[in-house]
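1. what follows is a predicted structure for the sequence shown.
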2 protein chains.
Amino acid sequence: MTNPTLAETPNKKHHVVIIGAGFGGLACAKALGDTEIEVTVIDRRNHNLFQPLLYQVATAALSPADISEPIRRTLARYRNIRVVLAEVTGIDAVAQEVKLSDGIAIGYDRLVIATGSEYNYFGHDDWRRAAPGLKSVHEARQIRHHLLLAFEKAERATDDAEKRALLTSVVIGGGPTGVEMAGAVSELGRFMIGRDFRNLDPSFLRVILLEAGPRILSSFPEDLARYAQDYLEGIGVEVLTATPVEAIATDHVVFNGTKLPASCIVWGAGVKASPAGTWLGLEGKPGARIPVDPDLQVKDHPFIYAIGDTAAALGPDDKPLPALAQVAKQQGHYLGKALCQTLTKGTKPEAFRFRNRGNTAVIGRNAAIFDFGRWQLKGRLAWLLWAIVHVYLLVNFEKRILVSIQWIWRYLTSQRGARLIEEDAVPSTVRDLPDRGNVEASRLQERSGEEM
Amino acid sequence: MTNPTLAETPNKKHHVVIIGAGFGGLACAKALGDTEIEVTVIDRRNHNLFQPLLYQVATAALSPADISEPIRRTLARYRNIRVVLAEVTGIDAVAQEVKLSDGIAIGYDRLVIATGSEYNYFGHDDWRRAAPGLKSVHEARQIRHHLLLAFEKAERATDDAEKRALLTSVVIGGGPTGVEMAGAVSELGRFMIGRDFRNLDPSFLRVILLEAGPRILSSFPEDLARYAQDYLEGIGVEVLTATPVEAIATDHVVFNGTKLPASCIVWGAGVKASPAGTWLGLEGKPGARIPVDPDLQVKDHPFIYAIGDTAAALGPDDKPLPALAQVAKQQGHYLGKALCQTLTKGTKPEAFRFRNRGNTAVIGRNAAIFDFGRWQLKGRLAWLLWAIVHVYLLVNFEKRILVSIQWIWRYLTSQRGARLIEEDAVPSTVRDLPDRGNVEASRLQERSGEEM
């Protein structure tokens, strides 16, 4: 493998460009912080989002700002790092330039692609409007507004069938995100009916979790998945496995050949890599991750690297590493250090090795699962550990305090937080929710699941 | 004055309908809570907004959910109160019905109009898009996004004139809102240039406060206003009094016959009553408050009452009471108790009397003013008192804790909070901010000011 370096021209400052400031991109930038290397971080958002807690924004437990941090603030203390808010449109690997949507090109010596993943609608991109996923603050707010508005509409509906439809939520995909979302929607619904909407009949409330595969949480051991399913069913979630979704429209979901009227529909059925591969002219099916060498260099592109969800790095078992935050973070840190070594000392670093920190999903109040490989944990202790780990993973001390207080408060009072429907979301008449576009029925064959 | 009551039909439950769940409407509903009277609260938002702190959302210090609370939650403990999320389109005073935009009519025995106020663009409603006010979460987020995006654009601009324009903010109106906003924008700008945007030249940063009247803060004593102006000038705000705005467009403001290129333009130059008066067929110029009797009953409408910003109740000096939260709150509480007395006992309550709790405005870190009539306070102690009072006025214990912690944190670290530009606000290329519509030049004659 060629591994050219610019170390032989010591007077010229090396320039590393990182596209994407998620877990991977930020870890990479930090590892390059306060070095002699110039670093440019490009992102189309001004903030880094802590996606593992985004479902809590969607279910009105936290505010968007609690789980996001301006990228400039995170990187402010490194004098060698520049942040650019821009949309990347392409890469010229020959000229070694990244092209931005406003026509500007940024040259690089080394390029790191850390553009993450997006939800995979398996060819049904028209379903996206009816069933948003959980990848951005915008989508989380969309789901929250839609959930809360449905309750307001149900309260004033006169027809029982209409009430039932409004109080029916369908979560598609039984991976960690789908499980977390279904549990939280069910808890929020039961809470709201108990306190804020006492006129509504609790038996009208339905939360359905659809999974195309034989069981939910396929990336977890079977007994943990079994525990999760039992718990979900205990709090009123109907878990339907081996049930692929057949069609989605603004007001219903079709599965098992039957049309179920529903109001809040959430997509968590699969992710695909960002389209960064097409910038490099890589072939392969859409949504495929970019193949990389053991040192995370993109094959046949000696100056370009890829990390995180968008890269297909192989684990020790020769299977691609899962699309998890911890993988992206470890790869980013490794690559930052490796680039520093390559560019300043001219030596070749060791290959990347992933260290599994454990896999977790939260199911509800007092219930979570942890899989550390050798040993496992479930129930209240796992939930406490989950909460501690997630507070710790938040980006700074202030957010940790704020989120801790809100969680402790909710736990003690069973209250809910940010139940805010903003003005731009309220239609002029509450009964006429904006039509999210009718989607034709067609069958979804792919297996739904959290992993790629 | 006729004051008919329904107390003679004891078996029929009286029904009070309250339109608007701001400070006035909520206070009225609470005073009627847990009585034998049926109460319906109608609002077009699902939340009550603590407007005095909205400027902190606009300047990225707090999150919307920190200062808003679902109306249902606030009123959940009163079994006799029903909450309806709907837009009111009219009142049929003869049939005693409120008409909603979805065609439904709600009958009432007594009606309370508490619909508040909105910004007065003095006939230039086309200025609204270029210069949003501070009345809703939506507008606050709009201003915040626009401020933060302007810095991002300035960082990448190559032309100095363009940079200067992007870093110029104009706040129109020297009342408390305008003063608070100008101070906060200046502090945020200086903070961001110092930390996040170190490439920008601090001398390009301009914040201009335009006031048409002879001085700012005309509702405060002159020496407090002088102190505020000196303080603002000390933190870099250019205060221009006797300077009416002549035109506003998306990228500039015209005053003194000169066109000043500017990026963030905020309107705080005057409020007018909500258009509820037209529902009653009341004549008078648009934006006029509804005239009410000393017991807050609308003249010639024996079953209808008006409180807060939308009502013109006269004070002891025969001048209309100011459009302040404390007036609305006291009137709401008074009216709730009075209705209860009238409807259940059939007796006539005493007239409403306003008790002045003091008037305050915050100017910056460590600087606020308080006017209690007989004595006054300014500087750091006033600022501390301002902070304590505002935390106390927040709707519940959890919000008090959350806001306190964020304020203490910011005070100790000089950090800023919710600097979040959400996806839907980021244009595909950062340089092309959406055109907010060009507005023709024309002269604004009315005096700008916070009061009506």
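-> Received, thanks.

2. A:Tyr334: neighbouring residues, count only.
-> 22 (other Cβ atoms under 10 Å in any protein chain shown). No exception for glycine: its C-beta is placed from N, CA and C like everyone else's.

3. residues contacting it?
-> A:31, A:296, A:349, A:352 (Cβ atoms under 8 Å, 6 or more residues apart in numbering or on different chains).

4. ok, 7 Å please
-> Going by Cβ atoms under 7 Å, 6 or more residues apart in numbering or on different chains, A:Tyr334 touches A:Phe352.

5. partner strands of the helix or strand containing A:Ile208 and their direction?
-> Using DSSP states H and E, A:Ile208 sits within strand A:206-210. Using DSSP bridges, the strands paired with strand A:206-210 are strand A:168-172 (parallel), strand A:237-240 (parallel).

6. could you save the ones you listed as CSV and add columns showing distance to A:Gly24 and mean pLDDT?
-> Converted to CSV, the strands paired with strand A:206-210 look like this (distance: least, Cβ to Cβ, whole Å; pLDDT from 0 to 100):
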stretch, distance to A:Gly24, mean pLDDT
strand A:168-172, 27, 97
strand A:237-240, 32, 97
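
7. which strands or helices does the helix or strand just after the strand holding A:Ile208 pack on?
-> As assigned by DSSP H and E, the chain's next helix or strand after strand A:206-210 is helix A:222-234. Here helix A:222-234 touches helix A:176-195, strand A:237-240, strand A:359-364, strand A:367-371, strand A:376-379, going by 3 or more Cβ pairs under 7 Å, 6 or more residues apart in numbering or on different chains; DSSP states H and E.

8. arrange those in TSV, one row each, with distance to A:Glu155 and mean neighbour count as further columns.
-> Formatted as TSV, the helices and strands packed on helix A:222-234 follow (distance: least, Cβ to Cβ, whole Å; neighbours: other Cβ atoms under 10 Å in any protein chain shown):
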stretch	distance to A:Glu155	mean neighbour count
helix A:176-195	10	24
strand A:237-240	23	20
strand A:359-364	25	24
strand A:367-371	30	24
strand A:376-379	35	18
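
9. show me chain A divided up by domain.
-> As recorded under automatic domain parsing, the domains making up chain A are A:15-44+A:86-119+A:271-345, A:127-269+A:358-425.

10. worst mean pLDDT among these?
-> Ranked by mean pLDDT, these end with domain A:127-269+A:358-425 at the bottom, a mean of 89.

11. before we move on, back to that, out of the domains of chain A, which gets nearest to B:Arg141?
-> Across the domains of chain A, B:Arg141 has its closest neighbour in domain A:127-269+A:358-425 (7.6 Å, Cβ to Cβ).

12. now do the closest one: distance to the chain's middle.
-> The chain centre lies 15 Å from the centre of domain A:127-269+A:358-425; the measure is Cα atoms, centre = their mean, to the nearest Å.

13. also stretch A:33-49?
-> On Cα atoms, centre = their mean, the centre of stretch A:33-49 falls 20 Å from that of its chain.

14. buried ones in it?
-> Going by neighbour count (16 or more other Cβ atoms under 10 Å in any protein chain shown), the buried part of stretch A:33-49 is A:33, A:35, A:37-49.

15. and stretch A:152-171, by the same measure?
-> In stretch A:152-171, counting by 16+ other Cβ under 10 Å, buried: A:152-157, A:162-171.

16. all helices of the stretch 51-200 of chain A, in order?
-> Using DSSP state H, counting those that start in this stretch, the helices of the stretch 51-200 of chain A run over A:54-58, A:71-75, A:127-130, A:137-156, A:160-166, A:176-195.

17. okay, the ones you listed in JSON lines with distance to A:Ala95 next?
-> Formatted as JSON lines, those follow (distance: least, Cβ to Cβ, whole Å):
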{"stretch": "helix A:54-58", "distance to A:Ala95": "37"}
{"stretch": "helix A:71-75", "distance to A:Ala95": "26"}
{"stretch": "helix A:127-130", "distance to A:Ala95": "34"}
{"stretch": "helix A:137-156", "distance to A:Ala95": "34"}
{"stretch": "helix A:160-166", "distance to A:Ala95": "55"}
{"stretch": "helix A:176-195", "distance to A:Ala95": "39"}
